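Asks: got a sequence here, can you build the structure:
(chains A and B)
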Amino acid sequence: MAKNKVLLEVKGLRVAVAGNEILKGVDLTMRDGEVHAIMGPNGSGKSTLAQVLAGHPAYEVLAGSATYDGKDLLDLKPEERARAGVFLAFQYPVEIRGITNSYFLRSALNALRREWGEPELDPIDFLQFLEAKLKAIGWDDSMMNRPVNEGFSGGEKKRNEILQLAVLEPRLAILDETDSGLDIDALKTVAETVNKLRAPDRSFLIVTHYQRLLNYITPDVVHVLADGRIVKSGGPELAHELEAKGYDWLRDAAMVS
Amino acid sequence: MTGIEAHVQQPYKYGFVTDIESEVVPAGLNEDVIRLISAKKDEPAWMLDWRLKAYRNWLKMSEPHWPNVKYEPIDYQAISYYAAPKNLPKLDSLDQVDPKLVATFEKLGIPIEEQKRLTGVAVDAVFDSVSVATTFQAELSKYGVIFMPMSQAIREHPALVQKYLSTVVPMNDNFFAALNSAVFTDGSFVYVPKGVRCPLELSTYFRINASSTGQFERTLIIADEGSYVSYLEGCSAPMRDEHQLHAAVVELVALERATIKYSTIQNWYPGDDEGKGGIYNFVTKRGKCLGANSKISWTQVETGSAITWKYPGCILQGDNSIGEFYSVAVTSHKQQADTGTKMIHLGKNTRSTIVSKGISAGRGQNTYRGLVKIMKGAEGARNYSQCDSMLIGDQCGAHTFPYIDVRNSTAIMEHEASTSKIGEDQIFYLRQRGLSAEDAVSMIVNGFCKEVFKELPMEFAVEATRLLGISLEGSVG
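Replies: The predicted structure is shown next:
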């Protein structure tokens, strides 16, 4: 079977935060429809990779490139990346006081629709659109009229990220430790939803510390990030190996290389 | 934060000057100038005497320096106290209004021509020291509602004016109120008769145009028993390098079971990034809930002025009366605001609510100052206060001075306060969802102000939201 088109190609990416080099040369190739997992110990640079791909201004690119759908990703503003289909499910979603989830989501969707050359949705059209989306993932609308993330439990915040993912229909969804802080039921719900959202024209980059999310979402490729470099890549079985053996053996390998 | 305060550089949209022939009284203040103003307005003798008394009081007073603001001393002899376009029609025929004035107000979004009028809103348009047009007067009079320029009310309804003028803000209440009492020019007069729900929103738009002048309007609103009125004021001024003084007095009187809702969208020229120019907005606004079960609600959105000094308050005299204060104050550029409210509880079971939202950006300094006073006789009084401050960038300031004076042990007081900073993470979150940086800030700020905006009449809530967006535009790098 012919391989799918390359969606994201990261080459020799080196990134610093506040003067400290965190990523020390990352290479990563993702194709349309693929699910990649990035695993690694704390402080290895997993979240930095997620943030820099989304364009967080606090991260400074020292060297390397990231090509997304033929475009120089690193040259785009965060909102331009979002409009081009890059979505980041945040590890720590922020609260926006006084703005309902529904209003926020509609504003975001309309910003994307303007980019796509599609008419903006008014509140009534949006409600219908949303109902269909919620139905597809089997969720109710209980979070929609609450202020964005305000007073949400940790699990609700993570679920809200996945809800946004479902509504905004990205081509590249980056999940930054979405599993952290979730109890087992919430973890299952999130994983099931992600599985429903898998599509030939949608790729996932799942950043996680633990293997447990990957019990429910089977990745195509697993990468291990240690000390700012991808030190090993493999199939889903690599995640199980990490679960059994921990990260130390790979870290040692990284030191040697 | 990287570049967040880099350019708070939004050009002021209403800074144009109308080229119109005006009569400007030479700068300076003395009894002759006051006599001249009174004569221009065809005032009865009692009014002139009152003004002169106020002036003599003012001479003995000194400018207050307790507000948390800094400015060069004001030379009161360098200000002109009266400016008016020439050739104003004597009668209230809008057809005769100078087309330049019509065009000016149209440009400000306040159409005064018959066919273009705002639906549901009666407007009194004040240009420098005079009212140039008041719409829907005839329609309102069918309901017995009086809505007219103050100078017309002094001539046509002297008994009402004399009965209530300075009963809420005494002429010597403070330095600026005394000055206003001596030299005040047009503002609006409103009387809503017993049991009438005013069918239109009433609105006054104040425009300063002439240079080296001050504007000293005076507004008096009386809501008789069981009546209701919603009133809104807006304002703007040209961009000039000089500071211009605006010292207004507003008095509200609510009789038994009456409700007055008073909203302000203040957009005076704020001055440039270095603090050059801009309006000194030193105003005294106060309402008296005179009758039982009456209610006065202040809502203000303060985005303009170099310096704002105002504390719209309520004297809760009638039993079970209610006072409310909802405020959004924005300081960016080098603006300074010292604003808040006074709630004076006299009657039994009186209630007051204070919701204040201060937003500071650029090098703005924003102070909330509020007084809640529960007097001895105010059995069962309640107050709820909430003061929230938001900071954008790291060169601005937010300050809160809540004063509480309780003299009756049955009072229940609640006070909440918070300070937050718009963080890069919040903005990034919204940008990551596809919103521009400007839209992100606007969404965060609007959410922050929502509790206040929902109090505005619907026709103006949109305007307030837009204005807030404009005054903060460019505050994120």
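
Asks: in chain A, what residue lies closest to chain B?
Replies: residue A:98 (3.1 Å; Cβ to the nearest Cβ). Just so you know, the C-beta spots here come from the backbone N, C-alpha and C atoms, and that holds for glycine as well.

Asks: thinking that residue is in contact with residue B:449, fair?
Replies: Yes: with contact defined as Cβ atoms under 8 Å, residue A:98 reaches residue B:449; the gap is 7.3 Å.

Asks: got the contact list for the helix or strand where residue B:154 lies?
Replies: Using DSSP states H and E, residue B:154 maps to helix B:150-156. Contacts to helix B:150-156, defined as Cβ atoms under 8 Å, 6 or more residues apart in numbering or on different chains, come from residues B:41-44, B:47, B:130-131, B:146, B:148, B:160-161, B:184-189, B:217-220.

Asks: I'd like the next helix or strand past that helix.
Replies: Counting by DSSP H and E, the next helix or strand C-terminal to helix B:150-156 is helix B:158-164.

Asks: how far does that next one sit from its chain's centre?
Replies: Remark: helix B:158-164 is offset 23 Å from the chain centroid, using Cα atoms, centre = their mean, to the nearest Å.

Asks: what mean pLDDT does it get?
Replies: Average pLDDT, helix B:158-164: 96.

Asks: just name whatever secondary elements the very next helix or strand once past it is in contact with.
Replies: With elements assigned by DSSP H and E, the helix or strand that comes after helix B:158-164 is helix B:175-183. Here helix B:175-183 touches helix B:31-40, helix B:45-59, strand B:249-254, strand B:284-289, going by 3 or more Cβ pairs under 8 Å, 6 or more residues apart in numbering or on different chains; DSSP states H and E.

Asks: show me what the second one is packed up against.
Replies: Just to be clear, that refers to helix B:45-59. Using 3+ Cβ pairs under 8 Å, 6+ apart, helix B:45-59 sits against helix B:31-40, helix B:175-183.

Asks: show me which residues of that helix are buried.
Replies: Neighbour-count burial for helix B:45-59 flags B:47, B:48, B:50, B:51, B:52, B:54, B:55, B:57, B:58 (criterion: 16 or more other Cβ atoms under 10 Å in any protein chain shown).

Asks: what does stretch B:144-161 give?
Replies: B:145, B:146, B:147, B:148, B:149, B:150, B:151, B:152, B:153, B:154, B:160, B:161.

Asks: got the contact list for the first one?
Replies: Spelled out, it's residue B:145. B:190, B:191, B:192, B:193, B:196, B:198, B:199, B:229.

Asks: which one of the residues you listed has the most neighbours?
Replies: Ranked by neighbour count (other Cβ atoms under 10 Å in any protein chain shown), the contacts of residue B:145 have residue B:192 at the top, with 29 neighbours.

Asks: how about that one: what's its closest non-neighbour residue?
Replies: Spatial nearest neighbour of residue B:192, excluding adjacent residues (Cβ to Cβ, 6 or more residues apart in numbering or on different chains): residue B:227 at 4.1 Å.

Asks: ok, that neighbour - how many residues close by?
Replies: With other Cβ under 10 Å as criterion, residue B:227 counts 26.

Asks: check residue A:111 too.
Replies: By other Cβ under 10 Å, the residues close to residue A:111 number 21.

Asks: not counting sequence-adjacent ones, nearest residue to it?
Replies: Using Cβ to Cβ, 6+ apart, the nearest residue to residue A:111 is residue B:434, at 3.7 Å.

Asks: I'd like to know which of the contacts of helix B:150-156 are buried.
Replies: Applying 16+ other Cβ under 10 Å to the contacts of helix B:150-156 flags B:41, B:43, B:47, B:130-131, B:146, B:148, B:160-161, B:184-189, B:217-220 as buried.

Asks: now, which of these lie within strands?
Replies: By the criterion of DSSP state E, membership of these in strands covers B:130, B:131, B:146, B:148, B:188, B:189, B:218, B:219, B:220.

Asks: and which of these is nearest to residue B:165?
Replies: Nearest to residue B:165 out of these is residue B:220 (Cβ to Cβ; 6.2 Å).

Asks: for the helix holding residue B:154, list the C-alpha coordinates in PDB.
Replies: Taking C-alpha atoms only, helix B:150-156 is exported to PDB below (Å, rounded to 0.1, in the frame of the first residue of the first chain):
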ATOM      1  CA  MET B 150     -31.300  72.800  31.600                       C
ATOM      2  CA  SER B 151     -31.400  76.400  30.500                       C
ATOM      3  CA  GLN B 152     -34.800  75.900  28.900                       C
ATOM      4  CA  ALA B 153     -36.100  74.200  32.100                       C
ATOM      5  CA  ILE B 154     -34.900  77.100  34.200                       C
ATOM      6  CA  ARG B 155     -37.000  79.400  32.100                       C
ATOM      7  CA  GLU B 156     -40.000  77.100  31.600                       C
END
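
Asks: distance-wise, check residue B:233 relative to chain A.
Replies: As judged by Cβ to the nearest Cβ, to the nearest Å, residue B:233 and chain A stand 25 Å apart.

Asks: ok, back up a step: need the buried residues of helix B:45-59 in CSV (columns: distance to residue A:114 and pLDDT).
Replies: What follows is those, written out as CSV (distance: Cβ to Cβ, whole Å; pLDDT from 0 to 100):
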residue, distance to residue A:114, pLDDT
B:47, 59, 96
B:48, 62, 96
B:50, 60, 96
B:51, 58, 96
B:52, 63, 97
B:54, 58, 96
B:55, 60, 96
B:57, 60, 96
B:58, 57, 96
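
Asks: neighbours around residue B:107, how many?
Replies: 14.

Asks: over to the one 4 residues further on?
Replies: Burial of residue B:111 is recorded as 17 neighbouring residues (other Cβ under 10 Å).

Asks: contacts for the helix or strand containing residue B:452 next, please.
Replies: Assessed by DSSP H and E, residue B:452 sits inside helix B:437-453. Residues from elsewhere that reach helix B:437-453, judged by Cβ under 8 Å, 6+ apart: A:79, A:96-99, A:104, A:107, A:111, A:147, B:299, B:301, B:326-328, B:355, B:357, B:359, B:386, B:388, B:390, B:392, B:420, B:422, B:426-427, B:430-431, B:435, B:461, B:464-465, B:468-469, B:472-476.

Asks: among those, the buried ones, what's the PyMOL command?
Replies: Remark: buried members of these, expressed as a PyMOL selection using 16+ other Cβ under 10 Å:
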select buried, (chain A and resi 79+96+97+98+99+104+107+111+147) or (chain B and resi 299+301+326+327+328+355+357+359+386+388+390+392+422+426+427+430+431+435+461+464+465+468+469+472+473+474+475+476)
